[in-house]
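1. Mind folding the following:
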Amino acid sequence: MLKSKTPLNKSSQDAFPSNIPVGISSCLMGEKVRYDGGHMRSKICTEQLDNYFKWVPTCPEMAIGMPSPRPAIHIAIKNEQERLLDSNSHQHDYTDQIIAFSHKRMQGLEHLSGYVVAKGSPSCGMERIKVFKDEGDKKWHSAHKNGVGMFTKVLMETYPNLPVEEDGRLNDGHIRDNFILRVFAYNQWQEMHRSGLSYHKLFQFHARIKYNLMASSVPTYKELGRKLADASQDKSVDIEQFAQEYIGQAMSALKKIVKRKAHRNVLLHLMGYFKKDLSSVEKQNFRQSIDDYFEGITPLGVPLHLLRLYLARFPNEYLSKQFYIFPYPSKLATREFL
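-> Next up, the predicted model:
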């Protein structure tokens, strides 16, 4: 059972979960498992996110029996296939072992709500991994930099909706906010799914992430709403199959880093809920805060803070459950400064 903490604003009736299970490359936890005998401890993961995420570490290289320190490995094209070879002699091929372990490890990761992998790792990297090729002079040169770590590739193929991010990219506030938001959203989906699917629950989930979808992709937001309404009326539709298609589209849309223009559009929609409650001066101030954010004068936290203050004064049960307004605990406070 997940523990709960007080949400950002007392107007919200929903508590944020803690101890959300999130996978992570062991080296990012400070474990000395790297090829050079060291680690790549991530302060963001071990200090900022540690209070809310329950880390599940894995080092596929150590898991297949490789020592630390050990000879470096890289992905190389051999016989027209990507193989995981030792960097020096290319005499040791670890491909089959890594892939076999990866598939076996997937069987114990279905409960995860996210995963943080190590940047640049030929086993755990998410993107831009160097792939080497024999150019004919007995020297191996980097053919391209668009490879994927072999463990991570299996992970993303097995769990395509799982939020996955690299540790280095988390230093970017926009990417960190997006990842944390997706982890909390996906965790809510998993909890809902485990409690038993129903169209009533699907409508509730869709209503809660409505403005996040609108910010990410208006076409997707409209399409999912229409599909959900149609499926709920069609008895021939398998609800489990529909649910998987729904969350696939939703999580794909939520990967997008939201631009200021899209945020402004959502904030203006939310402002409309208070048009009968606010004075003309308050409306003007609210609108000015949105315009200032759009112009880059102030961060997103300014109009969001006003929105929450108005929600506290004029309670609205529907808004209090909006994931856009209350995406994750205030202590994480990433989006407030963007």
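2. mean confidence score for the longest helix seen in the chain?
-> Assignment by DSSP state H gives helix 173-194 as the longest helix of the chain. Per-residue pLDDT over helix 173-194 has a mean of 96.
3. Could you pull out the buried residues of that helix?
-> 175-190, 192-193 (16 or more other C-beta atoms under 10 Å). Quick note: C-beta positions are derived from backbone N, CA and C, even for glycine.
4. With stretch 263-282 instead?
-> 263, 264, 265, 266, 267, 270, 271, 273, 274, 278.
5. Can I get those residues in CSV including distance to residue 153?
-> Shown next, in CSV, are the buried residues of stretch 263-282 (distance: C-beta to C-beta, whole Å):
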residue, distance to residue 153
263, 33
264, 37
265, 36
266, 34
267, 38
270, 39
271, 44
273, 44
274, 47
278, 51
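6. and the closest residue to residue 324 other than its chain neighbours, how many neighbours does it have?
-> Leaving aside its sequence neighbours, residue 324 sits nearest to residue 211 (C-beta to C-beta, 6 or more residues apart in numbering; 3.8 Å). By the criterion of other C-beta atoms under 10 Å, residue 211 has 21 neighbours.
7. Ok, the one 10 residues further on next?
-> When neighbours are counted by other C-beta under 10 Å, residue 221 registers 20.
8. Quick check: which helices or strands does the helix or strand hosting it pack against?
-> Element membership for residue 221, per DSSP states H and E: helix 218-233. The helices and strands touching helix 218-233, judged by 3 or more C-beta pairs under 8 Å, 6 or more residues apart in numbering; DSSP states H and E, are helix 199-208, helix 210-216, helix 239-254.
9. In TSV: those, plus mean pLDDT.
-> Putting these into TSV (pLDDT from 0 to 100) gives the following:
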stretch	mean pLDDT
helix 199-208	97
helix 210-216	97
helix 239-254	98
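10. how about those helices, which one is nearest residue 107?
-> Minimum separation from residue 107 across the helices and strands packed on helix 218-233 (C-beta to C-beta) falls at helix 239-254, 18.8 Å.
11. what comes up buried for that closest one?
-> Quick answer for helix 239-254 (16+ other C-beta under 10 Å): 242, 243, 246, 247, 249, 250, 251, 253, 254.
12. report the angle between the axes of it and helix 199-208?
-> Angular relation of helix 239-254 and helix 199-208 on a 0 to 180 degree scale: 10 degrees, by axes from the mean of the first three to the mean of the last three C-alpha atoms, to 10 degrees.
13. thinking again about what came up before, identify whichever of the helices and strands packed on helix 218-233 lies nearest to residue 326.
-> helix 199-208 (9.6 Å).
14. Okay, buried residues for that closest one please.
-> Applying 16+ other C-beta under 10 Å to helix 199-208 flags 199, 202, 205, 206, 208 as buried.
15. Name the nearest of those residues relative to residue 124.
-> residue 205 (31.0 Å).
16. tell me the contacts of that closest one?
-> Residues in contact with residue 205 (C-beta atoms under 8 Å, 6 or more residues apart in numbering) are 188, 189, 192.
17. which stretches of the protein have low pLDDT?
-> Within the chain, the segments meeting pLDDT under 70 span 1-14, 135-140, 142.
18. show me where it has helices.
-> Using DSSP H, helices in the chain cover 43, 60-63, 95-106, 150-158, 173-194, 199-208, 210-216, 218-233, 239-254, 260-271, 280-294, 301-313, 317-320.
19. mind putting those in CSV, distance to residue 77 included?
-> Shown next, in CSV, are the helices of the chain (distance: least, C-beta to C-beta, whole Å):
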stretch, distance to residue 77
helix 43, 36
helix 60-63, 20
helix 95-106, 12
helix 150-158, 14
helix 173-194, 30
helix 199-208, 43
helix 210-216, 36
helix 218-233, 37
helix 239-254, 30
helix 260-271, 40
helix 280-294, 47
helix 301-313, 47
helix 317-320, 54
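20. Tell me which of those sits nearest to residue 75.
-> helix 150-158 (7.3 Å).
21. Appreciated, that's everything.
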